[in-house]
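A.B. asks: sequence first, then the predicted structure, then my questions.
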Amino acid sequence: MDVKAYLRSMIPHLEPGIKPSKSKDIRLSINEVMQWSQSLEKLLANQIGQDVFGNFLKSEFSEENIEFWLACEDYKKTESDLLHCKAEKIYKAFVHSDAAKQINIDFHTRESTAKKIKAPTPTCFDEAQKIIYTLMEKDSYPRFLKSNMYLNLLNELQANSLK
């Protein structure tokens, strides 16, 4: 399988029925992929890195972590008149004790977040987001770096760079 086909199989964000543009090639250098191993921050700063890591988390049944983290990043950029609506959606999807994609945070943080969204600010999810980031950094990220998913991608790019 070539790198483009491998990446397309790894990237889950394309909606069903929407085909990737032929003119828009997926370009990924070996240096970029190697930088992902330097820190979770570098991995998450790269769109393809987010997608590949998200796919890895999905294989481990913990994709709610990156989905919550990305939702928080997006939330921080939200205009103030839309904060309340977006905060409610994030809370119901990830934080509430009955959430379908409930994140793994302690009771105190869950309660604290519930209070904060009553008068939402761009930082009301920061405490929970930090916990989830730390969980990914200490738990999922090291496994990702040892996973076949990451190592195969790295090997494929290395092999192609030698051609």
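C.D. replies: Good, I have the coordinates.

A.B. asks: could you find the closest non-adjacent residue to the residue nearest the centre of the chain?
C.D. replies: The centre of the chain sits closest to residue 66, judged by Cα atoms, centre = their mean, with a distance of 3.2 Å. Spatially, and ignoring its direct neighbours in sequence, residue 66 is nearest to residue 54 (4.8 Å; Cβ to Cβ, 6 or more residues apart in numbering). C-beta: built from backbone N, CA, C; applies to glycine.

A.B. asks: quick check: which element contains that neighbour?
C.D. replies: Assigned by DSSP states H and E, residue 54 belongs to helix 47-59.

A.B. asks: now that helix: buried residues?
C.D. replies: By 16 or more other Cβ atoms under 10 Å, the buried positions in helix 47-59 come out as 48-57.

A.B. asks: which other helices and strands contact that helix?
C.D. replies: Packing partners of helix 47-59 (3 or more Cβ pairs under 8 Å, 6 or more residues apart in numbering; DSSP states H and E): helix 3-10, helix 30-35, helix 40-44, helix 64-75, helix 141-146, helix 148-162.

A.B. asks: a markdown table for those, including distance to residue 85 and mean pLDDT?
C.D. replies: What follows is those, written out as a markdown table (distance: least, Cβ to Cβ, whole Å; pLDDT from 0 to 100):
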| stretch | distance to residue 85 | mean pLDDT |
| --- | --- | --- |
| helix 3-10 | 32 | 52 |
| helix 30-35 | 35 | 93 |
| helix 40-44 | 25 | 97 |
| helix 64-75 | 11 | 97 |
| helix 141-146 | 32 | 98 |
| helix 148-162 | 35 | 90 |
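
A.B. asks: which among these is found nearest to residue 132?
C.D. replies: When the helices and strands packed on helix 47-59 are compared by Cβ to Cβ, helix 64-75 sits nearest residue 132, at 5.2 Å.

A.B. asks: after that closest one, next one along is what?
C.D. replies: With secondary structure assigned by DSSP H and E, helix 64-75 is succeeded by helix 83-90.

A.B. asks: what comes into contact with whichever helix or strand comes after that following helix?
C.D. replies: The helix or strand immediately downstream of helix 83-90 is helix 107-116, counting by DSSP H and E. The contact list for helix 107-116, computed with Cβ atoms under 8 Å, 6 or more residues apart in numbering, reads 91, 95-97, 105, 124-125, 127-128, 131.
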